[in-house]
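Asks: Here you go, sequence then predicted model.
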Amino acid sequence: MIGEIESLRELEKKILNDPIIQQVEELARRKRLAVYLVGGSIRDILLGKEARDYDFIMEGVEFSFLDSLGELFGCNYFSLGKGRQERVFRLIKEGKTIDFTVMVGDNIEQDLMRRDFTINAIAYSFEERRFYAPPQALKDLKERKIDLLSPHALKMDPLRMLRAVRYRCTLPNFHLTKKLSKEIRRQSGLLHDVAPERIRAEMDEIILSPYPAHGLQLMLDLGPLIEVFPEMAPLKGILQGRHHSTDTLTHTIEVVGKLTEIIGKGPPFSIQLSKKDRLILGYGALFHDLGKPSTQLIDEQGEVHFYDHPQHSSHLAQAIMRRLKFQKSLRDAVVLLVENHMRILTLSTGAPKDKALRRLINTMGGMVKLLLLLGMADIEEKGASDEGGRDRFMNLCKRIWDLYEREDLIDPLPLLRGEDLLKLGYLPGPGLGEILKEVRRRQITGDLKDKEEAVTFIMGKYPH
């Protein structure tokens, strides 16, 4: 049982004041079902954070309780954990996850000992109005330590290695103990046995966390990064030329960090980002230079080049995201971002006309805002080594954003339609489609501004 703690009664008050917990506790009392609040929600409440997810343990499966809870919350529960000893039932209410796990073992103490880390091995009994936990749990919480509850915890579920990293990224000032770090180093190869969907879910949390670069560096230091993304191993030691002071792998992690800084300060140009946008950006940064090792070329002057590396990087990103079962729309967006990540930088080395910028916006669509941010993070990571290049790049970004805001270059209303061509005397057939495509292309670049100009153009280029 938990030892004496000054905030214990205060913690209990906060638990019982939570609206979701209140409804679960009241229904469990009416159903005479023993239910315990466990794990991360207690930890977060103790740390003064708002509980985002809730974990409950019930002493047996009570479907009438779950049915009633679903009616109360206005959602249906569904079962998780096929093939696992425990049975887990989940409800999702207003973006918050509420899990009910059937107790394993004869009592709550035995069940807690199967959990991952000491800081999650705390339970509160609504029926008894008391806390349960091994002695180390609150001590580690107080000292902000992430440590294994059992020597076998990682072998029982290797995904806990990534979860430890996620906690490092999301819990302020927490750190992994030397014992846990050593065990992750020793057992990181076990991640090969984990379902790809579960790995992806943890990686999403790390990417969306306040400190994703710290998490990625920790994964690199302890081994899981290369286990999860073996395609990143060749980046180590690949030098990038005079504007870079680090190898490609370090640069990649630092670009992720720069992105976090830019987003944290408030993205420029009033760019608004959704959760999906942040995932696309994070993975785009992580994968943007995967193709450099296979494209590295050093010329006679000793200059380093990586011709066509965006295309190579996008192919590798595609393969990784297929392997980890990413949603197709997210995968396609990341691949598009990676494939085009050098375009603004390349344009900034010359004096591009608005035509080229319009074509870029049309290609990228709404993702042009993500392309701007990734490019900014990439060039910021170089620091002061290329101040002139940075200024040219930022000026070009402003031009692109101004065009994007001012004109509809993604899906503008067509200047001409098929019926317009028929009225002008053109015969039906595939040729009409080619004419309309050319008109649209010139509309995007700004060469044709209205219907009259479009008609004049086609009558001159496509006489009939």
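Replies: Nice, I can see it.
Asks: Now do residue 136 against residue 192, distance only.
Replies: Residue 136 sits 30 Å away from residue 192, taking Cβ to Cβ, to the nearest Å as the criterion. C-beta here means a position set from N, CA and C on the backbone, and glycine is covered the same way.
Asks: What count of nearby residues applies to residue 416?
Replies: 20 (other Cβ atoms under 10 Å).
Asks: In a helix, it, correct?
Replies: No: assigned with DSSP: H, G, I helix; E, B strand; the rest coil, residue 416 falls outside any helix and is coil.
Asks: re earlier: please identify which of residue 136 and residue 192 sits among more neighbours.
Replies: More crowded of residue 136 and residue 192, by other Cβ under 10 Å: residue 136, with 15 against 10.
Asks: Look at residue 443 and tell me its secondary structure.
Replies: helix.
Asks: try residue 41
Replies: helix.
Asks: just checking, it touches residue 50?
Replies: No: taking contacts as Cβ atoms under 8 Å, residue 41 lies outside contact range of residue 50: 9.9 Å.
Asks: Counting neighbours, go ahead and name the busier of these two.
Replies: residue 41 (27 against 9).
Asks: So residue 411: helix, strand or coil?
Replies: Residue 411 ends up coil, using three-state DSSP.
Asks: And it, what's its pLDDT?
Replies: Note for residue 411: predicted pLDDT of 91.
Asks: Residue 385 now?
Replies: At residue 385, pLDDT is 56.
Asks: What of residue 81?
Replies: Per the predicted model, pLDDT is 60 at residue 81.
Asks: Show me the strands in the stretch 301-450 of the chain, by range?
Replies: 304-306 (DSSP state E, counting those that start in this stretch).
Asks: Pull out the buried positions in the helix or strand harbouring residue 203.
Replies: Using DSSP states H and E, residue 203 maps to helix 196-208. For helix 196-208, the neighbour count (16 or more other Cβ atoms under 10 Å) marks 198, 199, 200, 202, 203, 204, 205, 206, 207 as buried.
Asks: just how off-centre is that helix within its chain?
Replies: Its chain's average C-alpha position is 7 Å from that of helix 196-208, according to Cα atoms, centre = their mean, to the nearest Å.
Asks: residue contacts, residue 212?
Replies: 169, 206, 256, 257, 260, 282 (Cβ atoms under 8 Å, 6 or more residues apart in numbering).
Asks: let's see it at 10 Å
Replies: 165-166, 169, 203, 205-206, 253, 256-257, 259-260, 278, 282, 285-286 (Cβ atoms under 10 Å, 6 or more residues apart in numbering).
Asks: quick one: it from residue 382, how far?
Replies: Distance from residue 212 to residue 382, by Cβ to Cβ: 20 Å.
Asks: Where does the prediction get shaky in this structure?
Replies: 1-7, 81-86, 241-244, 383-386 (pLDDT under 70).
Asks: Which positions in the longest helix along the chain come out as buried?
Replies: For the chain, the longest helix by residue count, based on DSSP state H, is helix 387-406. In terms of neighbour count (16+ other Cβ under 10 Å), helix 387-406 has its buried residues at 390, 392, 393, 394, 396, 397, 400, 401, 403, 404.
Asks: What helices and strands are in contact with that helix?
Replies: helix 343-348, helix 354-364, helix 368-381 (3 or more Cβ pairs under 10 Å, 6 or more residues apart in numbering; DSSP states H and E).
Asks: List the buried residues for the shortest one?
Replies: Of the residues in helix 343-348, those with enough neighbours to count as buried (16+ other Cβ under 10 Å) are 343, 344, 347, 348.
Asks: Next, give phi and psi for the residue nearest to residue 124 when sequence neighbours are not counted.
Replies: Leaving aside its chain neighbours, residue 124 sits nearest to residue 37 (4.6 Å; criterion: Cβ to Cβ, 6 or more residues apart in numbering). Residue 37 adopts backbone torsions of phi -90, psi 130, taken as degrees, to the nearest 10.
Asks: burial count for residue 37?
Replies: Using other Cβ under 10 Å: residue 37 sits among 24 other residues.
Asks: Correct me if wrong: it contacts residue 24.
Replies: Yes: if you go by Cβ atoms under 10 Å, residue 37 and residue 24 touch, sitting 8.0 Å apart.
Asks: Now for those two: what residues contact both?
Replies: 18, 54, 56, 126.
Asks: which SS class is the second one?
Replies: For residue 54, the secondary-structure state derived from three-state DSSP is strand.
Asks: Tell me the bridge partners for it.
Replies: residue 98 (DSSP bridges).
Asks: Check whether it really touches residue 73, as I assumed.
Replies: No: taking Cβ under 10 Å as the definition, residue 54 is not a contact partner of residue 73, at 11.2 Å.
Asks: list the residues that contact both of the two?
Replies: With Cβ under 10 Å, 6+ apart as the test, residue 54 and residue 73 both reach 20, 24, 91, 93, 96, 98.
Asks: Which members of the residues you listed are the farthest-apart pair?
Replies: Taking every pair in those and measuring Cβ to Cβ, the maximum separation is 12.0 Å, between 24 and 96.
Asks: Looking at those two, which has the bigger crowd around it?
Replies: residue 24 (24 against 15).
Asks: Contact partners for that one?
Replies: Contacts of residue 24 by Cβ under 10 Å, 6+ apart are 18, 35, 37, 54, 56, 58, 65, 69, 72-73, 91, 98, 100, 126.
Asks: Restricted to helices, list those.
Replies: Short answer: the contacts of residue 24 in helices (DSSP H) are 65, 69, 72, 73.
Asks: now those residues: which count as buried?
Replies: Buried among the ones in helices among the contacts of residue 24 by 16+ other Cβ under 10 Å: 65, 69, 73.
Asks: thinking the last one is in contact with residue 98, fair?
Replies: Yes: with contact defined as Cβ under 10 Å, residue 73 reaches residue 98; the gap is 7.6 Å.
Asks: Find the residues that touch each one of the two.
Replies: With Cβ under 10 Å, 6+ apart, residue 73 and residue 98 have common neighbours 20, 23, 24, 91, 92.
Asks: from those residues, which is closest to residue 217?
Replies: Taking the shared contacts of residue 73 and residue 98 together and measuring to residue 217 by Cβ to Cβ, the closest member is residue 92, at 32.4 Å.
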